[in-house]
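Asks: give the three-dimensional model of this entry:
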Amino acid sequence: MILQIETATTVCSVALARNGETLGCIEADQRNIHAEKITVFINELLKKCGKNYQDLDAIAVSSGPGSYTGLRIGVSVAKGLSFALDKPLIAVDTLNAMADGFIATNNIKPGTLLCPMIDARRMEVFTAVFDALGDPVKPTSAEIIDENSFASLLSEHNILFFGDGAEKCNDVLGNIAHVEIVPGFANSASYLTKKAWEKYQKADFVDVAYYEPFYLKDFIAGKKAL
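Replies: Numbering: from 1, shown residues only. As a prediction, this is how the structure comes out:
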């Protein structure tokens, strides 16, 4: 039984999975609610599934890249639960989980590539490219998107772009051949299920005391609007 936490983007999401199957999920796509709602969602989910904290075998968390604040909240809660319950902690790459989630909810043609994108700032995104099986083709990076982005891959493959970063790139990439931007895709803790189960079976855990999220870029504080 694995409790899964996703807070890397605007989505605040928790899921419960057993033996690689999702049992339940509670989530909301709303900015700045993660600190307030994440533990509430966990309690509600366990009650909904008829489970308690002692039933858990591991805690899994979306490890980034993504929102600095969101990642810190999610990882802090995951580490706290892991330490208090004396259960192992599993870190799942956020973009890889997005690709797995997209594959699980869509029919992907062979040869098509998948490009999840997380909004960073301006025309920058956190992104990676995966094949139709979810295996990495292009590693995670922070990219400033223009009309030449992904040109070498697009010359030979159709690429599906999804996530909140992809939608903001529609004006730049939307009219390029072999590009399909898929609207409406949101992160979910349920998308961690495949990788979390694989890692649990291999005892691929992280050190609770020293683990930090994958921020990819240094945090830059902004001024609060008046």
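
Asks: CA only for contacts and neighbour counts going forward, please
Replies: Noted.

Asks: got the domain ranges for this protein?
Replies: 2-94+187-201, 95-182 (automatic domain parsing).

Asks: looking at these, which one has the lowest mean pLDDT?
Replies: Out of the domains of the chain, domain 95-182 stands lowest, with a mean of 94 (criterion: mean pLDDT).

Asks: and that one, how far out from the chain middle?
Replies: Put simply, domain 95-182 sits 14 Å off its chain's centre (Cα atoms, centre = their mean, to the nearest Å).

Asks: now the end-to-end length of it.
Replies: This stretch, domain 95-182, spans 15 Å end to end (Cα to Cα, to the nearest Å).

Asks: which one of the domains of the chain lies nearest to Tyr211?
Replies: Closest to Tyr211 of the domains of the chain is domain 2-94+187-201 (Cα to Cα; 8.5 Å).

Asks: hey, where'd the strands end up in this protein?
Replies: Taking DSSP state E as the test, the strands found in the chain are 2-6, 11-18, 21-29, 58-62, 89-92, 113-119, 124-130, 136-144, 159-162, 179-182.

Asks: okay, the ones you listed, which one's buried deepest?
Replies: strand 2-6 (a mean of 31; mean count of other Cα atoms under 10 Å).

Asks: tilt between the helix ranked longest in the chain and strand 58-62?
Replies: In the chain, with assignment by DSSP state H, the single longest helix is helix 68-85. Here helix 68-85 runs at an angle of 170 degrees relative to strand 58-62 (axes from the mean of the first three to the mean of the last three Cα atoms, to 10 degrees).

Asks: now for helix 68-85, which elements pack on it?
Replies: Applying 3 or more Cα pairs under 8 Å, 6 or more residues apart in numbering; DSSP states H and E, we find helix 68-85 packed against strand 2-6, helix 34-48, strand 58-62, strand 89-92.
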